[in-house]
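J.: with the sequence up front, the predicted model follows.
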Amino acid sequence: MFKHSLLACALGLALPGLAQAQAQPQACQQVTEKDIEALFVRWNDDLQSGDPQKVVENYAEQSLLLPTLSNTPRETAQAKADYFQHFLAGKPDGAVDSRMIQIDCNTAVDAGLYTFSFADGRRVQARYTFTYKWFPKQEQWLITSHHSSAMPEPQQAQR
């Protein structure tokens with residue numbers, strides 16, 4: 001009986017604190033479409049640096065990259081850095097061709113079409129989706145998933 005009373009007391013003290021913590025919703029970070037557009041600019045500027053690690057710093061620790069020029073999903077920072085090391089060798093410069101941005105409480109999606117121009121004159125048109133999440137501890141928006149796939153048909157063949 002004594003053990004049950006202690007357990008009940010412990011739970012009685014712990015549960016109100018837990019309920020209070022759950023009752024306080026996380027405040028939504030104020031953000032505009034221009035702010036989300038700037039996240040692509042930040043990412044593309046980091047591509048221009050040529051430093052794979054700098055690009056990887058745009059991604060949350062738990063995030064997924066489905067890259068443009070590789071069939072391998074990249075879940076770890078090391079795997080992302082490996083991809084960007086090879087991708088950056090071509091000196092890519094990305095430009096958004098069209099986009100749609102959706103914003104919710106502490107999350108945002110930027111999806112559309114972009115084109116990469118490479119130093120050798122090659123261009124790759126691709127579809128993309130960046131999902132972002134606000135991380136209060138880091139006080140920044142980070143990519144939680146990034147899907148990029150080269151267009152399956154040449155531009156002229158689109159219907």
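T.: Ah, there it is. Numbering: from 1, shown residues only.

J.: pLDDT score for the spatially most central residue of the chain?
T.: Taking CA atoms, centre = their mean, the centroid of the chain lies closest to residue 143, which sits 1.4 Å from it. What the model reports for residue 143 is a pLDDT of 98.

J.: what of the one 10 residues further on?
T.: Confidence at residue 153, expressed as pLDDT, is 77.

J.: pretty sure it is in a strand, no?
T.: No - with DSSP: H, G, I helix; E, B strand; the rest coil as the criterion, residue 153 is located in coil rather than a strand.

J.: going along the chain, name the helices of the chain.
T.: Assigned by DSSP state H, the helices in the chain fall at 2-23, 33-49, 52-56, 77-88.

J.: what sits against the closest residue to the residue nearest to the centre of the chain other than its chain neighbours?
T.: The spatially closest residue to residue 143, leaving aside those adjacent along the chain, is residue 59, at 4.7 Å (CB to CB, 6 or more residues apart in numbering). In short, each C-beta sits where N, CA and C put it, glycine included. For residue 59, the residues meeting the contact criterion (CB atoms under 8 Å, 6 or more residues apart in numbering) are 65, 77, 80, 142, 143, 144, 146.

J.: isn't residue 56 up against residue 84?
T.: Yes - using CB atoms under 8 Å, residue 56 and residue 84 qualify as a contacting pair, with a distance of 6.5 Å.

J.: pull the distance from stretch 133-151 to the chain's centre.
T.: Offset of stretch 133-151 from its chain centre (CA atoms, centre = their mean, to the nearest Å): 2 Å.

J.: need the contact partners of it.
T.: 26, 29, 31, 35-36, 39, 43, 58-60, 62-69, 106-108, 113-114, 124-132.

J.: still on that earlier bit, go through the helices of the chain and find the least confident stretch.
T.: Among the helices of the chain, helix 2-23 carries the lowest mean pLDDT, at a mean of 45.

J.: would you check that residue 129 makes contact with residue 111?
T.: Yes - the pair residue 129 and residue 111 qualifies as a contact (CB under 8 Å) at a distance of 4.2 Å.

J.: I am finished for the moment; much appreciated.
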